[in-house]
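Generate coordinates for the sequence data below:
(2 chains)
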Amino acid sequence: MAKNTLSSRFRKVDIDEFDENKFVDDHDEAADQQGPDAGDMMAALHIALRNPPINSKNPAIKERAQTVVLKVLTSFKGSDIEPAVKSLDKNGVDLLMKYIYKGFERPVENSSAILLQWHEKAFAIGGLGSIVRVLTARKTV
Amino acid sequence: MSLHQFLLEPITCHAWNRDRTQIAISPNNHEVHIYKKSGNQWVKAHELKEHNGHITGIDWAPESNRIVTCGTDRNAYVWTLKGDVWKPTLVILRINRAARCVTWSPKENKFAVGSGSRLISVCYFEQENDWWVCKHIKKPIRSTILCLDWHPNNVLLAAGSCDFKCRIFSAYIKEVEEKPAPTAWGSKMPFGEVMFESTGTSGWVHGVCFSDSGNRVAWASHDSTVAVAEGGKTAVCTSLSSETLPLLCVTFITENSLVAAGHDCYPVLFVYDSNNAALSFGGKLDVPKQSAQKGMTARERFQNLDKKASVDSKEAVLESVHKNSISQISILNGGKAKCAKFCTTGMDGGMAIWDVKTLESAMKDLKIV
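Reported below is the predicted structural model:
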């Protein structure tokens, strides 16, 4: 009769970590995120989108950035969204799309409705390409 | 432009012979079908059946009239025409995953195969043993090689890979050629040396192409970007993010203009300005038929509102020539320096031939520099 080995510690080993063919992304330095000032919405949006924590592996930094941007996005009036999106450059629109989709992942109260409005305006400017870039980006916001 | 519908299956890959009277296509199965042009029709002339898996790449050498095919059965065959029959010769690639793409070198003494085994097999013919031998380029490739293109000097090879990078390798085989002269990408070119590696774009590199002089390389990546790199002391990379779905294939039609096509089912023109190192969108190269706009009856409006929640009369029908993604684009006349005609094949089983002069005159503000 086979005797069961007493130790099952091997079951806790993550074998994928030891795979020598494992793909590892290039590492970059993390940038620090700053909070926006209250008042001017356009300026707040631009500041919130500055220095995105793209290269950071720290989930706390990403979480903080996400809440800041979400706060700015939800405090916009519906009619102000379009000029705000128009004021962004190409990279800005891509970055905005990334935050919008991140916001969709965790809906809070009314956030989805506002985010959908932002999504419609950003899609009109960025097109399908900006959505494809959200899906294929290795470094998420 | 003319569209010819071969079959309903996607055309996985195609290759033309030297005088463009015959086309070899693979209709998404284990065979290669060669069609001959007779008048306005395409007649099937040969069927090449030797592969055990789907054919992923075909290339037809114009001078020596040999066809090389590679497939998911991890093999490549070189076909030579003996009389009226194509005879295959097996090439052992020593790979343990599917082959993905194959191209003859400009002098046709070598060919390169990209595969899922994360390496490129460069194969050349050894006279003493009457056998095709291959050498591998492995480092620093980390994932499947999707596309290959040779530099006109027969030594440098551009490879686009699923590890999000486009690289230029040296595929110098001392048994079949002389040491190459220095190029814009570097002067020391031992076999397997990485002359250039791209940074900046993320997304699998679906298509790669050298310009006619070999000083520029362009690649299309899955994050809906097109990028051009110019060789020099330090390689200059410029990329353009587009608003369309990802592009699958790209080719230079002059030294400064690129045509690319992909999941949006129509070819697109890009123009590269080397003085400002800027890449810009030139225009959509499809000329859709203008259908007459009829007024809508109230009933139709209500039906649209009911079915599609909008009163738009735009139908969900593609207006482009190709009805599905375009997977491969090839130059027919004029070479990469002054292309006059190019051909696209796609997943709709159709092959369209585009005339550059007609396109230029049909679209206003389209300038091919």
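
pLDDT averaged over the host helix or strand of B:Cys237 - what is it?
If you go by DSSP states H and E, B:Cys237 is part of strand B:236-241. Averaging pLDDT along strand B:236-241 yields 85.

And the residue of chain A that's closest to chain B?
A:Gly127 (2.6 Å; Cβ to the nearest Cβ). Every C-beta, even on glycine, is put in place using the N, C-alpha and C of the backbone.

can you pull the alpha-carbon coordinates of the strand or helix carrying B:Asn304 into PDB?
Element membership for B:Asn304 (DSSP H and E) is helix B:298-308. Output in PDB follows, covering the C-alpha atoms of helix B:298-308 (Å, rounded to 0.1, in the frame of the first residue of the first chain):
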ATOM      1  CA  ALA B 298     -42.300  56.800 -40.900                       C
ATOM      2  CA  ARG B 299     -42.600  53.000 -40.700                       C
ATOM      3  CA  GLU B 300     -38.900  52.400 -41.400                       C
ATOM      4  CA  ARG B 301     -38.000  55.000 -38.800                       C
ATOM      5  CA  PHE B 302     -40.100  53.300 -36.200                       C
ATOM      6  CA  GLN B 303     -38.700  49.900 -37.100                       C
ATOM      7  CA  ASN B 304     -35.100  51.200 -36.800                       C
ATOM      8  CA  LEU B 305     -36.000  52.800 -33.400                       C
ATOM      9  CA  ASP B 306     -37.400  49.500 -32.300                       C
ATOM     10  CA  LYS B 307     -34.600  47.300 -33.500                       C
ATOM     11  CA  LYS B 308     -31.600  49.500 -33.100                       C
END
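
Can you mark which positions in that helix are buried?
The neighbour-count criterion (16 or more other Cβ atoms under 10 Å in any protein chain shown) identifies B:Asn304 as the buried residues of helix B:298-308.

The residue of chain A closest to chain B - that's part of a helix, no?
Yes: according to DSSP: H, G, I helix; E, B strand; the rest coil, A:Gly127 belongs to a helix.

wait, isn't it in contact with B:Glu243?
Yes: if you go by Cβ atoms under 8 Å, A:Gly127 and B:Glu243 touch, sitting 2.6 Å apart.

Spell out which parts of the stretch 51-200 of chain B neighbour chain A.
Contact residues, the stretch 51-200 of chain B versus chain A (Cβ under 8 Å from any Cβ of the partner chain): B:142-143, B:163-164.

Counting neighbours, which of those residues end up buried?
Buried residues within these, counting neighbours by 16+ other Cβ under 10 Å: B:163-164.

now the residues of the stretch 51-200 of chain B next to chain A in CSV, with pLDDT and secondary structure?
Formatted as CSV, those follow (pLDDT from 0 to 100; DSSP: H, G, I helix; E, B strand; the rest coil):
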residue, pLDDT, secondary structure
B:Arg142, 92, coil
B:Ser143, 93, coil
B:Asp163, 92, coil
B:Phe164, 92, coil
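
how about the residues of the stretch 51-200 of chain B next to chain A in TSV, adding distance to B:Asp348?
Below are these laid out as TSV (distance: Cβ to Cβ, whole Å):
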residue	distance to B:Asp348
B:Arg142	33
B:Ser143	29
B:Asp163	30
B:Phe164	29
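
Flag the shaky bits of chain B, pLDDT-wise.
Of all residues in chain B, those with pLDDT under 70 make up the ranges B:287-296, B:310-317, B:364-369.

what's the residue in it that chain A sits nearest to in contact with, if anything?
Taking Cβ to the nearest Cβ as the measure, chain B has B:Glu243 as its residue closest to chain A, at 2.6 Å. B:Glu243 makes contact with A:126-130, B:224, according to Cβ atoms under 8 Å, 6 or more residues apart in numbering or on different chains.
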